[in-house]
Each structure stands twice: as structure tokens, then as C-alpha cells.
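Enquirer: Coordinates only, no sequence provided:
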């Protein structure tokens, strides 16, 4: 039997229900815990909610943000504040694109 390949949206939906501890977040994002703690202390990452045993829990949204910020810092030698700003802008652009796609699905045409 051939298994269907999950779509990007399917994978994203599965990730949205995923919670990671600090170790799993660091492994998935390729950063160390000190990097995450420093960005959280500086207000560049939101403080994570606590789980049942008072351990930090991180969701897929934060994982994507950590990956973006670390990539920007590494690839472009960006300071953490700039990496956070660019990550915010990329997230907003994605949100606006999804909104445009939804409007296009309703028959709305983009103004020229």
C-alpha cells in the first residue's frame, strides 16, 4: 500500500499541536539553551508557558521564530534585535499572503 505524502499544510497543522521541551527545541532549531534564555531575557522571544512539572514548553510557532532568528544571525551576522525584527516582518508577510489567498478564494481581485 502506498502512503500519501503529507502536504506542507498537513505538516504545519501537526506541528501546531506539538509541544517541545527546552532540549527538543534546541535540537530542532540548532541552538543551545543559553541562546534561547538570552533572547527570552532580552524580550526577543516570548516567555514560554510552563508544563505540568514547571518545565518550559515551546510550540511550533516559537520553533519557527527561533529557526528564523538563528538563521538570520548566522547567515547575515545580524544582531539579535535585527533578527527578531526581520522574523516579525516575515511572519507578518506570511499572514498577509494567507489573507490574500483567502480573499482570492472568495472571488476578490487584488487592486492594481
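Expert: Yep, it's here. Small disclaimer: the values here were computed from a predicted structure and weren't measured.

Enquirer: Downstream of the worst-scoring helix or strand of the chain on mean pLDDT, the next helix or strand is which one?
Expert: Least confident helix or strand, the chain: helix 8-16 with a mean of 58, by mean pLDDT, DSSP states H and E. Per DSSP states H and E, the first helix or strand lying C-terminal to helix 8-16 is strand 19-20.

Enquirer: That next one: how far from the chain's middle?
Expert: Put simply, strand 19-20 sits 12 Å off its chain's centre (Cα atoms, centre = their mean, to the nearest Å).

Enquirer: and the spatially most central residue of the chain, what does it touch?
Expert: With distances taken as Cα atoms, centre = their mean, the chain has residue 64 as the residue nearest its mean C-alpha position (2.1 Å). Residues near residue 64 by Cβ atoms under 8 Å, 6 or more residues apart in numbering: residue 91. C-betas here are computed from N, CA, C, even on glycine.

Enquirer: What pLDDT does the model give it?
Expert: With respect to pLDDT, residue 64 scores 96.

Enquirer: Distance check, it against residue 36.
Expert: As judged by Cβ to Cβ, to the nearest Å, residue 64 and residue 36 stand 14 Å apart.

Enquirer: next one: residue 99
Expert: In this view, residue 99 and residue 36 are 30 Å apart by Cβ to Cβ.

Enquirer: before we move on, what about residue 51?
Expert: Residue 51 is 16 Å from residue 36, where distance means Cβ to Cβ.

Enquirer: Looking at these two, which one has more neighbours?
Expert: Remark: of residue 51 and residue 36, residue 36 carries more neighbours, 22 against 11, as counted by other Cβ atoms under 10 Å.

Enquirer: show me where this protein has helices.
Expert: Ranges of helices within the chain are 8-16, 22-29, 33-41, 60-76, 80-105, based on DSSP state H.

Enquirer: distance between the ends of stretch 68-85?
Expert: 11 Å (Cα to Cα, to the nearest Å).

Enquirer: Nothing else from me, thank you.
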